[in-house]
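**Q** Pasted the sequence and its predicted model underneath.
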Amino acid sequence: MKKIYILSFFSLTASLCLAQTNSHGPRIEKRSTSTVEKRVKPEINNTNKVTIWESDFSNSSQWVADHDINDCSLDFQIGPISCQGFYPINDIASTSAMNGWAIVDSDFYGGENGGNEVEDSWLTMAAPVDLTSYANVVVEFETFYRAYTYEKPYLVVGIGDGAGNVTWPTDLNPESDLALYPNVFDIFPERTFDEQTSGTENPRLVRINISAIAGGQQEVYIRFNWTGTWGYAWFIDDFRIIEQPADDIESKFAYVAGINNQGIEYGRTPVDQLDSQYDFGGELLNFGINNQTNVNVDTDFGSFSYVYPIGTMNSGETSAYGSTETPSLALGLYNGNFTVTSDNEQAGAADFGNNVSVRNFEVTETMYSQDGIGIHPAGDLSLNSLGSPNFGEPTETYVAAMYHLKNSVNVISGFEIGLASSTVEGAELLISIIDTTTFLADGLQPVVDLNSNSAEGIYYSVSASEVAAGKVGVSFLQPIELPAGAYYAVVKTIDYGGTPIRVLDDQTIAQPWYASMINTLDDTGAPTAYSNGNAFAIRLKMGDQMGVSEEETTAFVIYPNPANETVELVCSENLENAEISITDLSGKTVYSEETVSGLNFNLNVALLENGVYMINVSNANVTRSKRLIINK
């Protein structure tokens, strides 16, 4: 059985007239990501820092692995070693990944059900480095880490006595009071659900200023210390000890979010779903030795721009900025740069590579998406995927993305769903729209729309061409009309053995925990909502995109409809040398009879997969169509 952890509860607030949230807060299901589609490595900022000592982990003799024998027998490993447990995460996509890396695989050590040991394992430099000539020093490394419940990665600085002897802290655990250990640093001090739902960026560049402990010291060791109980894994690569730059102010992140979207940043927004105003902002860090004056952030999206004066930032200071703006938005793609400068650091400076954050989004006619696949800069894109294979077989996993609808009547024809390449032809899915109150309370009942229609489709089998295209379009039986509010667009992924289906999850921009979620069975067999996921590629097809309506032709009737094996087509007038065809909603012909004549026709549709099709009758240069539903 998988273990489940319920995190501290906090409420989800809303300024939009919105369904209430759950009281139990975000929960995380431990899950496998062994068949993740891909994670494209974000470009690591190129800066010209002085390197004092470095290791790309190609030489394992530079490090010593050990553990507390009273607690565990888990050790770090060095090399091109992948996770081996029941819930593996991806290999680190570091700059020098070809040379190998360091990894501690807590999931493999704990087994399928975990253990009770508080693991305490470390990896230490085999030889010290002399920093007597450097008063200001920083540790820098690339890492990939996914948290679970009770674990903590630390960096520990050891100062030798001249004879190689170091007094190291003993019995560190995830709850250790670091005020008692000035030489111990929490590597992820602001740990959020991003680390838990999908992991850090792959890789994340971490920099820790160790000047107060190590600056000017002759015998300095660095140790990576892992402690906790049955986590996932922690990767480390491309480690450097560098001289702290004199002037280095960096943009840590930036954001653009509609004021009524609860902090969710949508990759694509239909023009009629745009918010009245948008929050623009971000966070800065002065990583350099010197205080910075006249700090400004220039936000430039081409057709509009904003300037945020920050003023003076002291060394080591973090500063948040932002305001609510009313940009003039029209159809098109918006590429935005958030660039921070100061008197001492302008464009072209040695360390200017980390001064810019990028945020792109698109205003569309009908497509509404959380994900920004195809919009983000290619070098920034980071993808994962989740679906039916994640929790064993047979399984039904509901994958959901929240959307805010602005109009009094909002028409939704169906979804476009981004598929991972590990999806198999014949995999089945079912689409629905569920109220946020219901979904966050573990319910799966679809909403009923303004015309008393249930917002649920029929089971749909994915074709080989759709797997190859990396996406599938699925329509409801009729357009769904919903009032303003927030809803989850839900895809039920089904795998009863051998037909897995996985939905892409865009992890490029961190979203709130409630933006994309799942529902799967807990240990008792009850359907339960969890905050796994970041920005699922479940895109709303807004407006009536379902083709010809039933009322547009009386030239023929079809029955039964829905059908499963055969369809009777009865024409109002005799056909002569006509053509009867069936097309799917992409326009692909899946059935055709040519040069037919008569009034009544029996069509064999037994080989068609579940879905919505169009029956087309062409006669004398005129084509008439009706919608056909296949439901087996």
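**A** It's in. Residues are numbered from 1 along each chain as shown.

**Q** for whichever helix or strand residue 625 is part of, packing partners?
**A** Counting by DSSP states H and E, the element that carries residue 625 is strand 622-630. Identification of packing neighbours for strand 622-630 by 3 or more CB pairs under 8 Å, 6 or more residues apart in numbering; DSSP states H and E yields strand 556-559, strand 611-619. Heads up, the C-betas are built off the backbone N, CA and C, glycines and all.

**Q** I'd like the C-alpha coordinates of that strand written as PDB, please.
**A** What follows is strand 622-630 as a C-alpha-only set of coordinates in PDB (Å, rounded to 0.1, in the frame of the first residue of the first chain):
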ATOM      1  CA  VAL A 622     -24.400  19.500 -52.200                       C
ATOM      2  CA  THR A 623     -23.200  18.100 -48.800                       C
ATOM      3  CA  ARG A 624     -25.500  17.700 -45.800                       C
ATOM      4  CA  SER A 625     -24.300  16.500 -42.400                       C
ATOM      5  CA  LYS A 626     -25.500  15.300 -39.100                       C
ATOM      6  CA  ARG A 627     -23.700  14.500 -35.900                       C
ATOM      7  CA  LEU A 628     -23.300  10.800 -35.000                       C
ATOM      8  CA  ILE A 629     -22.300   9.500 -31.500                       C
ATOM      9  CA  ILE A 630     -20.600   6.200 -31.200                       C
END
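
**Q** rank the helices and strands packed on strand 622-630 by pLDDT, which is bottom?
**A** Set side by side, these give their lowest mean pLDDT on strand 611-619, at a mean of 84.

**Q** Neighbouring strands - and their directions - for that strand?
**A** Neighbouring strands of strand 611-619 in its sheet, by DSSP bridges, are strand 566-584 (antiparallel), strand 622-630 (antiparallel).

**Q** With mean neighbour count added, can I get these in CSV?
**A** Listed next are the strands paired with strand 611-619 as CSV, based on neighbours: other CB atoms under 10 Å:
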stretch, mean neighbour count
strand 566-584, 16
strand 622-630, 19
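
**Q** can you put those strands in JSON lines and add mean pLDDT?
**A** As requested, the strands paired with strand 611-619 are exported to JSON lines (pLDDT from 0 to 100):
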{"stretch": "strand 566-584", "mean pLDDT": "89"}
{"stretch": "strand 622-630", "mean pLDDT": "81"}
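
**Q** so which of those strands gets nearest residue 484?
**A** Distances from residue 484 to each of the strands paired with strand 611-619 were compared using CB to CB; the minimum, 28.1 Å, belongs to strand 622-630.

**Q** what about the strands in the stretch 51-200 of the chain?
**A** Under the criterion DSSP state E, counting those that start in this stretch, strands of the stretch 51-200 of the chain are mapped to 51-55, 63-67, 77-79, 101-105, 119-125, 137-145, 150-159, 184-186.

**Q** so which of these is the most packed in?
**A** Comparing the strands of the stretch 51-200 of the chain by mean neighbour count (mean count of other CB atoms under 10 Å), strand 101-105 comes out on top with a mean of 26.

**Q** Of all the strands of the stretch 51-200 of the chain, which one comes closest to residue 246?
**A** Between residue 246 and the strands of the stretch 51-200 of the chain, the shortest gap by CB to CB is with strand 137-145, which sits at 12.4 Å.

**Q** just checking, residue 171 touches residue 180?
**A** No. Applying CB atoms under 8 Å, one finds residue 171 not in contact with residue 180, separated by 11.6 Å.

**Q** Where does pLDDT dip in the chain?
**A** Across the chain, the stretches falling below the confidence threshold (pLDDT under 70) are 1-48, 190-198, 389-395, 497, 523, 545-553, 586, 620-621.

**Q** domains for it, by residue range?
**A** 4-33+382-542, 51-243, 249-368, 550-630 (automatic domain parsing).

**Q** what's the nearest residue to residue 181 if we skip its chain neighbours?
**A** Nearest residue to residue 181, sequence neighbours excluded (CB to CB, 6 or more residues apart in numbering): residue 169, at 5.1 Å.

**Q** How about residue 329?
**A** Leaving aside its chain neighbours, residue 329 sits nearest to residue 363 (5.2 Å; criterion: CB to CB, 6+ apart).

**Q** Helix, strand or coil: sort out the one you found for me.
**A** Three-state assignment for residue 363 (DSSP: H, G, I helix; E, B strand; the rest coil): strand.

**Q** what pairs with it across the strands?
**A** On DSSP bridges, the residues paired with residue 363 through beta bridges are residue 269, residue 332.

**Q** Right, I'll leave it there.
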